[in-house]
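Visitor: got a predicted structure plus its sequence, pasted below:
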Amino acid sequence: MSDNPYLAHLAPSQRGASSSISSSDKEPLYGFLPRKVKGSQVRDAMNHKLNPFTKQPHSAQYRKILEARRSLPVYSQMDEFLEIFSKNQIIVMVGETGSGKTTQIPQFVAFSDLPHTKGKLVACTQPRRVAAMSVAQRVADEMDVQLGKQVGYSIRFEDMTESGTTFLKYMTDGMLLREAMNDTELSRYSTIILDEAHERTLATDILMGLLKGLAKRRKDLKLIVMSATLDALKFQSYFSLHNSGEEPSPAPLFKVPGRTHPVEVFYTQDPEPDYVEAAIRTVLMIHRAEDPGDILLFLTGEEEIEDACRKIKAEADDLINSDPSSVGPLMCVPLYSSLPPQQQQRIFDAPPKQSQEGYPPGRKVVVSTNIAETSLTIDGIVYVVDPGFSKQKVYNPRIRVESLLVSPISKASAQQRAGRAGRTRPGKCFRFHFRARRTDAPEILRSNLANAVLELAKLGVKDLVRFDYLDAPAPETLMRALELLNFLAALDDEGELTALGGIMAEFPLDPQLAKMLIVSPEFKVSNEILTITAMLSIPNVWLRPPSQRAAADQAKALMTVPEGDHLTLLNVFNNYYQNKSDRNWAWNNFLSARALAQAENVRAQLLRTMERFEVECISLEDERKRNMGKNMPSAYVRVLHANCSSGGEKGSYLTVKDNQVVALHPSCGLDAQPEWVLFNEFVLTKRPYIRTVTEVRPEWLLEYAPLYYDLNAFPDGETKRALLKLTSKRRAITGNGKDANEKKRSSKELKGGGKGGKGKLTKGKLKGGSKDKSTGWSKDEVKKKVPAWKDGKATLSDYFVSGGFI
DNA sequence: GAGCACTGC
């Protein structure tokens, strides 16, 4: 039974009984029986003069850190955890903020599982890179080892592990999924811990389905799913045990209390007609009336946040000017992801000092998107103002469009937001009356699944529809994904993964872009396409500071290639690359240096993948570069939804198969309005737009995407008529009845057309107009319903009632 | 003449 080399010499009676043996004389792990370890043994080993894993004496800071660990709630339940871990293959664990689960549980597992004695690893997944990195660093310190040795992390672009040495690895969920594509048994791992499972990222959801099946095949694999309280039951029944002849029993639950300060929650009694207005009012009333402590206000997006910051500042200045002795100075800081890192850092600045001895102290207000809900933690927050909305992605499979809609948040989100007030001392949370949804729809129900379906196929899942999803996607969403992958020739007509599909899955790209890149050597433009796919994988590179809009637009015009936005992106990257020695080049040209550095990183990673699969990196000869405008899209049309013809109102296009009316996005750099264009992205904001657009010749569509543009199976409409006209003209010219493309159509490499622009349209209420998002009231109605508060008579208690503590 | 909730490979 024992495969632990440390135990081989022991008599059975000695095994698992370290407490009876003087711990200081023996090796720290003396008597440890894998997966039968007790809390007393682990505590002895932690107290041993030697590090159990390096056999070196402990450093001075080790004892100090250990002392702090002992006060974590999860630490006092070590015995209970080890027992439940010994007895079960799958455990659901619940631990609220501050319980210490993310740092301690993987260490407990390492002591019990002893992965290093059998050449295995314990993995702990995280939804975000920064979390994987910082937790790994913390745990390496706690275990008194060097990061990257016994304890490491693995994220995109960085593998901080040492093969043969690392036995505890923190990693992003996406990274583990990628590993599973090449080893579906995940045989390197003895225990896998899925942390933050309640966040229900696409990768964690797929991993749960995969690991549930894998645990049945690999009885030696243990699985721990860590989540927030509200979701625990769902996970327990999903991972329930099915013993023959018995009712399925839910997976065992291990629960640890959190350790945060109490937060009192206050509610408004009536719905707020305009939540931004009400939020600003609430912030200022807190500032005027409440004890010192910083404020965190949650709003939905950049525009709303900048607007609120301006208004809060103006109102606060008013208050100070009218009576500097009654209120302190207020500093208002915006926070959202597209903000340059330097400005993001401002949320950590200290609040302003009191203006004069004896006057009230200053206060900091952070106005943030959801980024402050999970990704970023700000110390010193005592008050949270939560109107209860966030922007959420929705996917409409009928028209293949993803869009962002302002929607009410879930109970879990509201709780998480309130918790942000209790990190340093007891706090208060002011919520507006809102009907929180019981749960958030997981990402898998809100996304275009083309990528996920390709990954599942690569993972060897045969029946994608009947895969054991925790929440099964809509059949139509799966059909759209299968249809697209079939057009791209990643899946054959039977739904089996093709060789091409297998390679496509290896690229960290959308399937359309992966296909475009893989076929690009046929067009002798793969070097250029490589750059373009990298540029399409990163956030917007164009900066447009409000104070310098004209200069920014001018700089962009200089970089623009009139033939199309894709060539403009290529041009931007090449210029960036040539000017890399100049640190200020990006800023001087109103480009994001961060985004460009990211593009360079992505490009290098894609190039490595190309080399692995012998996709040649070919660049055009200099004299042919002038022809890029024609050559580049000819590779592109095979993979993107190149399906717009002009029609209807001026300036608008029709998508070729769904007949959606769309307009060129104002950021588009085309100097004319060509009849046919292909696009990268379909966005729905004030109206449907296509973004990143390049002119295309219709004959290229017929030639290089014959499957998609098979006119015999094409829906009737303007596009079909235009394409038919084109083919009859060409027949007349070539003089024979056969379409010149028919030969190519039989060619295997050219099989697979293109379609499926990213983007979406939804029925949801459009932004804009003068109606308030939450109530539908007009601005005039809002004015009437918002009472004056600045006269000093109104107080927080006129608006809010206490709803107890969380 | 508009925008970019947030992650991840």
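Guide: Great, that's in hand. Numbers count the residues shown, from 1 in each chain, chains lettered A, B, ... in the order given.
Visitor: ok but A:Thr692 is inside a strand, no?
Guide: Yes: assessed by DSSP: H, G, I helix; E, B strand; the rest coil, A:Thr692 belongs to a strand.
Visitor: contacts only, for it.
Guide: A:Thr692 makes contact with A:Leu536, A:Asp565, A:His566, A:Leu569, A:Cys668, A:Phe679, A:Asn680, A:Glu681 under the criterion C-beta atoms under 8 Å, 6 or more residues apart in numbering. To be clear about C-beta, it is placed using only N, CA and C from the backbone, and glycine gets the same treatment.
Visitor: make it 6 Å
Guide: A:Asp565, A:Asn680, A:Glu681 (C-beta atoms under 6 Å, 6 or more residues apart in numbering).
Visitor: most neighbours, which of those?
Guide: A:Asp565 (25 neighbours; other C-beta atoms under 10 Å).
Visitor: my guess is that one meets A:Val693, correct?
Guide: Yes: here A:Asp565 reaches A:Val693: they are 5.4 Å apart, a contact under C-beta atoms under 6 Å.
Visitor: quickly find the element holding A:Pro334.
Guide: Assigned by DSSP states H and E, A:Pro334 falls within strand A:330-335.
Visitor: quick one: strands adjacent to that strand?
Guide: strand A:363-368 (parallel) (DSSP bridges).
Visitor: got a list of contacts for the strand it pairs with?
Guide: Outside strand A:363-368, the residues that reach it (C-beta under 6 Å, 6+ apart) are A:283, A:287, A:294-297, A:299, A:305, A:308-309, A:328, A:330-335, A:347, A:351, A:378.
Visitor: buried residues in the helix or strand following it?
Guide: Where DSSP H and E defines the elements, the next helix or strand beyond strand A:363-368 is helix A:371-374. Within helix A:371-374, the residues scored as buried using 16 or more other C-beta atoms under 10 Å are A:Ala372, A:Glu373, A:Thr374.
Visitor: try stretch A:575-591
Guide: In stretch A:575-591, residues buried by neighbour count (16+ other C-beta under 10 Å) are A:Asn575, A:Tyr576, A:Trp585, A:Ala586, A:Asn589, A:Phe590, A:Leu591.
Visitor: ok, now stretch A:42-60?
Guide: A:Val42, A:Arg43, A:Asp44, A:Ala45, A:Met46, A:His48, A:Asn51, A:Pro52, A:Phe53, A:Thr54, A:His58.
Visitor: among the contacts of strand A:363-368, name the ones in strands.
Guide: Of the contacts of strand A:363-368, the ones assigned to strands by DSSP state E are A:Asp294, A:Ile295, A:Leu296, A:Leu297, A:Leu330, A:Met331, A:Cys332, A:Val333, A:Pro334, A:Leu335.
Visitor: going by distance to DNA strand B, which of those residues wins?
Guide: Each of the ones in strands among the contacts of strand A:363-368 was checked against DNA strand B using C-beta to the nearest atom of the strand; the closest is A:Leu335, at 7.7 Å.
Visitor: indicate the residue of the stretch 651-800 of chain A located nearest to DNA strand B.
Guide: Residue of the stretch 651-800 of chain A nearest DNA strand B, by C-beta to the nearest atom of the strand: A:Thr685 (2.3 Å).
Visitor: find me the pLDDT at that residue, would you?
Guide: At A:Thr685, the pLDDT value in this model is 75.
Visitor: now the one 3 residues further on
Guide: The per-residue pLDDT reported for A:Pro688 equals 83.
Visitor: repeat that for the one 5 residues further on.
Guide: Model confidence at A:Val693, expressed as pLDDT, equals 85.
Visitor: how about it, what does it touch?
Guide: With C-beta under 6 Å, 6+ apart, A:Val693 has these contacts: A:Asp565, A:Leu664, A:Cys668, A:Val677, A:Phe679.
Visitor: what's the closest of those residues to A:Pro360?
Guide: A:Cys668 (51.0 Å; C-beta to C-beta).
Visitor: as a check, name the ranges of all helices in the stretch 501-650 of chain A.
Guide: A:511-519, A:526-536, A:549-559, A:565-578, A:585-588, A:593-612, A:628-636 (DSSP state H, counting those that start in this stretch).
Visitor: nearest to A:Glu67, of these?
Guide: The closest of the helices of the stretch 501-650 of chain A to A:Glu67 is helix A:593-612. By C-beta to C-beta, the value is 39.6 Å.
Visitor: run a quick neighbour tally on the nearest residue to A:Lys458 once chain neighbours are set aside.
Guide: Distances taken as C-beta to C-beta, 6 or more residues apart in numbering put A:Ala505 closest to A:Lys458, at 3.9 Å, once the chain neighbours are dropped. For A:Ala505, the neighbour count with other C-beta under 10 Å is 23.
Visitor: ok, A:Ala505 touching A:Leu454?
Guide: Yes: counting by C-beta under 6 Å, A:Ala505 touches A:Leu454, with 5.0 Å between them.
Visitor: show me what from the stretch 101-250 of chain A comes close to DNA strand B.
Guide: Neighbours of DNA strand B within the stretch 101-250 of chain A, by C-beta under 7 Å from any atom of the strand: A:127-130, A:155-156, A:172-175, A:178, A:201, A:203.
Visitor: again, only this time at 10 Å
Guide: Residues of the stretch 101-250 of chain A lying close to DNA strand B (C-beta under 10 Å from any atom of the strand) are A:126-133, A:153-158, A:171-179, A:181, A:199, A:201-203.
Visitor: tell me the contacts of A:Ala457?
Guide: Shown in contact with A:Ala457 (C-beta under 6 Å, 6+ apart): A:Leu497.
Visitor: equivalent analysis for A:Leu168, please.
Guide: A:Pro106, A:Ala110, A:Val122, A:Val151.
Visitor: secondary structure element for the first one?
Guide: With the criterion set as DSSP H and E, the secondary-structure element containing A:Pro106 is helix A:101-113.
Visitor: any idea how far that helix is from the chain center?
Guide: Relative to its chain's centre, helix A:101-113 lies at 26 Å (C-alpha atoms, centre = their mean, to the nearest Å).
Visitor: restricting to C-alpha, output it in PDB.
Guide: Once non-C-alpha atoms are left out, helix A:101-113 reads as follows in PDB (Å, rounded to 0.1, in the frame of the first residue of the first chain):
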ATOM      1  CA  LYS A 101      -8.300  28.700   2.200                       C
ATOM      2  CA  THR A 102      -6.300  29.600  -0.900                       C
ATOM      3  CA  THR A 103      -3.000  29.700   0.900                       C
ATOM      4  CA  GLN A 104      -3.500  26.900   3.600                       C
ATOM      5  CA  ILE A 105      -5.500  24.200   2.000                       C
ATOM      6  CA  PRO A 106      -3.000  23.400  -0.800                       C
ATOM      7  CA  GLN A 107      -0.300  23.200   1.900                       C
ATOM      8  CA  PHE A 108      -2.400  20.800   4.000                       C
ATOM      9  CA  VAL A 109      -2.900  18.700   0.900                       C
ATOM     10  CA  ALA A 110       0.800  18.700   0.100                       C
ATOM     11  CA  PHE A 111       1.600  17.400   3.700                       C
ATOM     12  CA  SER A 112      -1.000  14.600   3.300                       C
ATOM     13  CA  ASP A 113      -0.600  13.700  -0.300                       C
END
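Visitor: so where's chain A uncertain?
Guide: A:1-25, A:433-436, A:620-651, A:730-798, A:805-806 (pLDDT under 70).
Visitor: tell me the secondary structure at A:Asn680.
Guide: Applying three-state DSSP: A:Asn680 is strand.
Visitor: so who does it touch?
Guide: A:Asn680 sits in contact with A:Leu536, A:Thr692, where contact means C-beta under 6 Å, 6+ apart.
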